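Undergrad: All I have is the shape, not the residue letters:
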């Protein structure tokens, strides 16, 4: 039928009594199926090896006791470990996130259904990276083997963390922008700044200052940090930081820069050299101070406030853009507070002048009803204010002049001015 067979042939020579060959005998066995099976196994092994070696993920096969049965070069590279000695490792050499007991339990529990989870691995140089792992178990010659596909997700986790941080910062700035609107005094203003920056960076030590640029001094308005640290620093420097004035002749923020600046001269420069340098060095050592930052809050090109942020070792700034954006919000809020304060003061001065004027003043609404009168007006006519406010102006005129007011008031509203004389009636009828 044209099929080709693979035969295993055995042949031998038959000889006579004299040793001469007289025949050639042979036996042939059909091994076609066996060879085909061997070829399939070889191809499968080759294919599996290619897949393992070319995989972008790390692959490791573990025995039931956690020792390495096989691994690809990618996994060795992920661990920064020589590929040739991978089989000398165990899962406990690289598993970082889970305890040994937890890892043992995972080895025991994994089955054909497999597990999918995230963890962290320790490289040979001691560094840690994030990893996503898919596992499933199979049995070969009564031995449990655990197939693990490991994907380095360090960059993905960083991106996720950064996205979360950005969302938190956006939420923070949205909340503070709305809250700044309700701050109406500078005392509230300084404490609001301190509370929110300390909430944003809870591990820092924070000082919020008001700045008098004309007189060249600043005053510490609020201090935030661990109460025990604040108390200890107060004891060391010998005075309370809150309310303390300092000269700013040598201020690091006199350049009106609205960025967050690192103070390179340490605590001595940060305190504008108002605290002895040896004492600053002592405080830095006791509290393990690492980095110090400052930022100015500027209004109309003049520094009106500043923040000082101190970090111990192990912490550093991560929210530079957010802090700078917050400082801009604070600048806008400061301008509003000062404008509203000036307006209130102006209104109060006007009211005082209105009330104490030597002649009678009155204010009417568009229909001619009283909305305000001063003390002189009330004294001249003998009324109490509650007897006047809300009443029609014509009610206090003689009848003939009341009629004249009805005619002339619309003319006054249309022109914006008018000259009139009226006879008014005092409370006693005179």
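TA: Received the coordinates, thanks. As the structure is a computational prediction, the values presented were derived from the model and not from experiment.
Undergrad: how about the nearest residue in space to residue 382 that is not next to it in sequence, phi and psi?
TA: Once flanking residues are discounted, residue 382 sits nearest to residue 427: 3.9 Å by CB to CB, 6 or more residues apart in numbering. The way it works is simple: take the backbone N, C-alpha and C, and place the C-beta from them, glycine included. Backbone geometry at residue 427, expressed as degrees, to the nearest 10, gives phi -60, psi -30.
Undergrad: Which residues are in contact with residue 427?
TA: 381-383, 387 (CB atoms under 8 Å, 6 or more residues apart in numbering).
Undergrad: And residue 384, by the same measure?
TA: Counting by CB under 8 Å, 6+ apart, residue 384 makes contact with residue 378.
Undergrad: So it versus residue 398, what's the distance?
TA: For residue 384, the distance to residue 398 equals 21 Å [CB to CB, to the nearest Å].
Undergrad: Kindly report the same for residue 227.
TA: 73 Å.
Undergrad: And the two? Which one has more around it.
TA: residue 398 (13 against 8; other CB atoms under 10 Å).
Undergrad: And the pLDDT at the more buried one?
TA: The model reports residue 398 with a pLDDT of 92.
Undergrad: does it really touch residue 426, like I thought?
TA: No. The criterion here is CB atoms under 8 Å, and residue 398 misses it with residue 426 at 11.4 Å.
Undergrad: Look through every helix and strand of this structure and give the one with the lowest mean pLDDT.
TA: Counting by mean pLDDT, DSSP states H and E, the chain has its least confident helix or strand at helix 32-54, which shows a mean of 69.
Undergrad: where's residue 95 relative to residue 354, distance?
TA: From residue 95 to residue 354 the distance is 81 Å (CB to CB).
Undergrad: The two: who's more crowded?
TA: Using other CB under 10 Å, the more surrounded residue of residue 95 and residue 354 is residue 95, with 20 against 15.
Undergrad: In three-state terms, how would the nearest residue to the more buried one once chain neighbours are set aside be classified?
TA: Nearest residue to residue 95 in three dimensions, chain neighbours excluded: residue 103, at 5.2 Å (CB to CB, 6+ apart). The three-state assignment at residue 103 reads helix, by DSSP: H, G, I helix; E, B strand; the rest coil.
Undergrad: for residue 314, same thing?
TA: Under three-state DSSP, the three-state class of residue 314 is coil.
Undergrad: switch to numbering from 55
TA: Got it, the first residue is 55 from now on, which makes the last one we talked about residue 368.
Undergrad: For burial, what's the neighbour tally of it?
TA: Count around residue 368 with other CB under 10 Å applied: 8.
Undergrad: Next, it: phi, psi?
TA: phi 100, psi -10.
Undergrad: Tell me which residues touch it, please.
TA: Neighbouring residues of residue 368 by CB under 8 Å, 6+ apart: residue 344.
Undergrad: In the chain, where's the longest helix?
TA: Across the chain, the helix with the greatest residue count (assigned by DSSP state H) is helix 374-410.
Undergrad: now that one: how far from the chain's centre is it?
TA: Relative to its chain's centre, helix 374-410 lies at 29 Å (CA atoms, centre = their mean, to the nearest Å).
Undergrad: elements contacting the helix or strand just after that helix?
TA: Note on helix 374-410: by DSSP states H and E, the next helix or strand toward the C-terminus is strand 416-418. Under the contact criterion of 3 or more CB pairs under 8 Å, 6 or more residues apart in numbering; DSSP states H and E, strand 416-418 touches strand 424-427.
Undergrad: in its sheet, what does the strand it packs on sit against?
TA: Using DSSP bridges, the strands paired with strand 424-427 are strand 416-418 (antiparallel).
Undergrad: The partner strand: how far from the chain's middle?
TA: With CA atoms, centre = their mean as the basis, strand 416-418 stands 54 Å off its chain's centre.
Undergrad: Need the contact partners of the strand ranked longest in the chain.
TA: Longest strand in the chain by number of residues (criterion: DSSP state E): strand 182-194. If you take CB under 8 Å, 6+ apart as the criterion, strand 182-194 is touched by 132, 150, 160, 164-177, 198-208, 210-211.
Undergrad: Kindly report the same for stretch 77-84.
TA: By CB under 8 Å, 6+ apart, the surrounding residues in contact with stretch 77-84 are 59-68.
Undergrad: cool, and stretch 401-411?
TA: Counting by CB under 8 Å, 6+ apart, 415, 426, 428-430 sit against stretch 401-411.
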